[in-house]
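*Asks:* predicted model follows, preceded by the sequence.
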Amino acid sequence: MTYLAKPRFHHPKLPTNALGYTRRDYEGAVSTLCAGCGHDSISAAIIQACFELDLPPHRIAKLSGIGCSSKTPTYFLGASHGFNSVHGRMPSVLTGANLANRELVYLGVSGDGDSASIGLGQFAHSIRRGVNMLYIVENNGVYGLTKGQFSATADRGSTSKRGVANHDQPIDLVTMAIMLGASFVARSFSGDKAQLVPLIKAAIRHQGAAFIDCISPCVAFNNHPGSTKSFDFVRAHNEAVNRLDVMVEREPIVADYAPGEVVDVMQHDGTVLRLRKLDAQYHPTDKRAAVAYLQERDAAGEVVTGLLYVDPEATDLHANLDTVATPLNALDDAALVPGQAALDKVNASLR
Amino acid sequence: MPQSLSGQTLARTNDFVVKFANVNGSGSASANLLFARSILRMGVPVVTRNIFPSNIQGLPTWYEVRVTEKGWRGARGGVDLMVAMNPQTWDKDVKSIEPGGYLFYDSTKPMPPSKFRDDITVIGVPLTGMCNAAYTDARQRQLFKNIIYVGALAALLDMDADAIERLIGEQFKGKDKLIRPNIEALHMGRDYALENFACPIGLKVRKSDGVGDRIFVDGNNAAALGCVYGGATVAAWYPITPSSSLAEAFQRHCARYRNEPETGKRRHAIIQAEDELASIGIVIGAAWNGARAFTTTSGPGISLMQEFLGLAYFAEIPAVLFDVQRGGPSTGMPTRTQQSDLLACAYASHGDTKHVLLLPEDPREAFEMAADAFDLADRLQTPIFVMLDLDIGMNEWLCRPFAWDDRRRMDRGKVMTAAELEAGRDFGRYLDVDGDGIPYRTYPGTHPTRGSYFTRGTTRDRYARYSEEGPVYVDNMERLARKFETAKRLVPAPVERMAAEPTNAGLLYFGSTGAAMDEALETLAERGIHLDTLRLRAFPFADAVDDFVRRHEVVFVVEQNANAQMRTLLVTECGIDPARLISIRHYDGTPITARFIAGAVAAAIPGTNVVPLRKAVP
Ligand SMILES: Cc1ncc(C[n+]2csc(CCOP(=O)(O)OP(=O)(O)O)c2C)c(N)n1
Ligand code: SF4
Ligand SMILES: [Mg+2]
């Protein structure tokens, strides 16, 4: 049996949220990923965000494709239904699930291979349809689960563990998402929980297609010098444009940093890097400026993070389709089946 | 009255074939349909078939109308009256007319005598000339030309003019401005024929009571209506001939029946997906989350859905697929009919899979099976394939009217509710509590602490916990096999018919082949060849199928594909000795005919132990 059940006992002193749940109630099975894998930090951030948002765990549906990243939904939100689908096709499954019941929170978890390689088409189309979801790519530049081949987000010139340089152009999912009409787009780093948790919270609360590209180093296959998705590289080149204010009632965000402030972050190997967390010039509601900024900083070799684009007026797929407020999966015979009387008319029209 | 030079003329009432040769995109389809429906209004059954190319404008199309008082359902073959409106196919069209038959054409431009035949009657009406004189607008000239020929044919065949006018009135209801000009065009053609020819010709339509309460409808439209009645709320599709009109019809039916009366908001969601992978993914996601969902496609789409179908099978997710089959492999004959996706669907995906197929024989059964498919999918928690074909899907068929039992309720299958979970009922997503191989499922969001589980394509135990242990995998596969056994009892039963005389020979058929079968059996019986028949309506095969084969010394298996796919399924699934199954295959893309079946069976008889009755009984 490879399933590891986590012992569940509630310490009476564990803090609870507004629903009376503890953080434990948002956890899942014990992770079987490599120790230190960036993906586990993202799982922890999701747990934290859902706890802080006071979401009933069973009202969240978590869907994923295939890959180490796509395995992670087993490791958080154990009381939620989960769906580990097929490689690169989580977006369509999530779209269908969302159509069936508009009342749940939809969390799509994917990898860079899953979304930028095999699943680029479904990534694009779910975004352009405005499916109300948080779509998160745990981006490590490689296929972790198949042991370290380059994925489509690997930067040109970035080297594999064996020292071979990638010669293909990378796909930048963030720029694509903005161009495709995502109404909430962010980039973050698995090593920066303080930035990531509020981004996840804001994305979940966003009505529309929310996308987070989260750089998430693969310690087994892509964390060496020469890789542009290593902890060291990302920490050295991370340029956060803003700190996020999440508009959650009851719980104002405590400001950690002021504009222009430089922050020390402990590296994986113990070295300390200094990060500038805010750019006063950046306006995340200006789509064209966002794209231009991203391209400019990208050319300068920086990894821009933070909330990059948000459209506060966003609508979602259900609004576009004009579906009823009642979830489609809750409609009964009376609402769905026209009956013999209607058939009599149909028959008459076909004679 | 025009005469053939040889003096030969066919004389037939309520039993002849008219074929229209048109140019694609010329607007002839609705005029031709008007012609066919007018005959139905006179109480005379018709069989119609569209023969069209993969093209939007310019290539040849044909529309065949078999007038058959006897009510045969299949095509006959041969042409008694050719309405030759397409210069490109003139030679072939003229050649196809039966000796003594009739040729109707646009005589505006004179044709050299070499373009005709001595043994047919030629009826020329200057359609273009008449239109050019009456209309200035090019599109009007084109469209009314079609109505004018319907008018002329009505006079030539002694059809009821009032019936046609009433139909025009119904067709343009709400667009009343169009009624007058159409009726005028109709009269123009009719008057010309009455003035210039001795009407009627040898072919006549005479009022009858052969139609009864039957309806004239295409299978895609019928199946789409079945989806509405089956409670489908989510549809995802990618356009492909011949399935697109099913999704489009669903959209129309939903607009009519599926909006919330108070708000006008939609009780349905239709997504035109980016490809068939996304279509089936959306269906699987929606069905997982408790909505009834379907996709509609054809062979190439089925190929793209393979990986997802394995997931749906293994993770046990209800899904309904309509495969409107066309000629394959590859793009094959995209506008022709075949039954050639049987194996691709029955065993779709990698690994050990088996899927349920439903095999409707006409639009009426397509309606029923479409609705049933959703109950079956929920009950069996697996993909259900409704195997239509282009012949059923895209042609209007005369069939029994739609009927619905208002007491019927959706069977949502084994779904554990919040109350049951709250009461402490044991929930194992893959636990066979009832011995039928079908476990319980829960919809996401049901209960705060119980009943959640993780759906995956990876092996898992009875409580949905990840495991790659051999015995756990085997346990699950054995349960899936039990579930497939259960399916045998739930799918539509086969239909058996005994021959008029005792016989040791049987015949199996299914789907659109049914249209030609009655006539083929009658022809064979006239030759002393009697066959018991069994019409397959589903896969997995009920035990009755196996029984039927074992009760007969030889069994013909009639199907519309080249590889004898149904025969392969029968041999494999029922363990039947292949020598006892004689394959009759028709796969040129045209619908199988009675003439073909009777001929092929008769030709195969000498090699079998079947003794034609007339010889056996002196
Ligand atoms: C159709 C198909 N092809 C190939 C695979 C093998 N495969 C499994 S995971 C994976 C790559 C995953 O990469 P990514 O999405 O980046 O996830 P990571 O493991 O890096 O988190 C591949 C190619 C598969 N499961 N399915
Ligand atoms: S292989 Fe890489 S991505 Fe996969 S678990 Fe290990 S560190 Fe994480
Ligand atoms: Mg990866």
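*Replies:* Done, it's in. Ligands and ions are numbered 1, 2, ... in the order given.

*Asks:* listing request: residues of the chain with sub-threshold pLDDT.
*Replies:* Since you didn't name a chain, this refers to chain A. A:1-11, A:245, A:247-278, A:280 (pLDDT under 70).

*Asks:* ah, no, chain B please
*Replies:* Ranges of chain B meeting pLDDT under 70: B:1-5, B:611-618.

*Asks:* at the geometric centre of it, which residue sits there?
*Replies:* The centroid of chain B falls nearest to residue B:392 when counting by Cα atoms, centre = their mean (1.5 Å).

*Asks:* host element of that one?
*Replies:* Applying DSSP states H and E as the criterion places residue B:392 in helix B:390-394.

*Asks:* what's the answer for residue B:378, then?
*Replies:* Using DSSP H and E, the element containing residue B:378 is helix B:363-380.

*Asks:* beta partners of the spatially most central residue of chain A?
*Replies:* Central residue of chain A (Cα atoms, centre = their mean): residue A:136, 1.7 Å from the mean position. Residues in a beta bridge with residue A:136, per DSSP bridges, are residue A:109, residue A:212.

*Asks:* how far does the helix or strand where residue B:549 lies sit from the chain's center?
*Replies:* Residue B:549 is located in helix B:543-551, with elements delineated by DSSP H and E. In this view, helix B:543-551 has its centroid 27 Å away from the chain centroid, taken as Cα atoms, centre = their mean, to the nearest Å.

*Asks:* what comes up buried for it?
*Replies:* Using 16 or more other Cβ atoms under 10 Å in any protein chain shown as the test for burial, helix B:543-551 gives B:545, B:548-549. To be clear about C-beta, it is placed using only N, CA and C from the backbone, and glycine gets the same treatment.

*Asks:* mind listing what the residue nearest to the centre of chain A touches?
*Replies:* By Cβ atoms under 8 Å, 6 or more residues apart in numbering or on different chains, the contact set of residue A:136 is A:42, A:46, A:107-110, A:200, A:203, A:211-212, A:214.

*Asks:* can you redo those as JSON lines with distance to residue A:343 and neighbour count?
*Replies:* Output for the contacts of residue A:136, formatted as JSON lines (distance: Cβ to Cβ, whole Å; neighbours: other Cβ atoms under 10 Å in any protein chain shown):
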{"residue": "A:42", "distance to residue A:343": "53", "neighbour count": "27"}
{"residue": "A:46", "distance to residue A:343": "49", "neighbour count": "28"}
{"residue": "A:107", "distance to residue A:343": "42", "neighbour count": "26"}
{"residue": "A:108", "distance to residue A:343": "40", "neighbour count": "32"}
{"residue": "A:109", "distance to residue A:343": "45", "neighbour count": "31"}
{"residue": "A:110", "distance to residue A:343": "45", "neighbour count": "30"}
{"residue": "A:200", "distance to residue A:343": "50", "neighbour count": "29"}
{"residue": "A:203", "distance to residue A:343": "47", "neighbour count": "26"}
{"residue": "A:211", "distance to residue A:343": "45", "neighbour count": "30"}
{"residue": "A:212", "distance to residue A:343": "49", "neighbour count": "28"}
{"residue": "A:214", "distance to residue A:343": "53", "neighbour count": "27"}
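
*Asks:* and residue B:558, which of the three is it?
*Replies:* strand (DSSP: H, G, I helix; E, B strand; the rest coil).

*Asks:* what's across from it in the sheet?
*Replies:* Residues in beta-bridge contact with residue B:558 (DSSP bridges): residue B:584.

*Asks:* so what's the residue count around it?
*Replies:* Residue B:558: 27 surrounding residues under other Cβ atoms under 10 Å in any protein chain shown.
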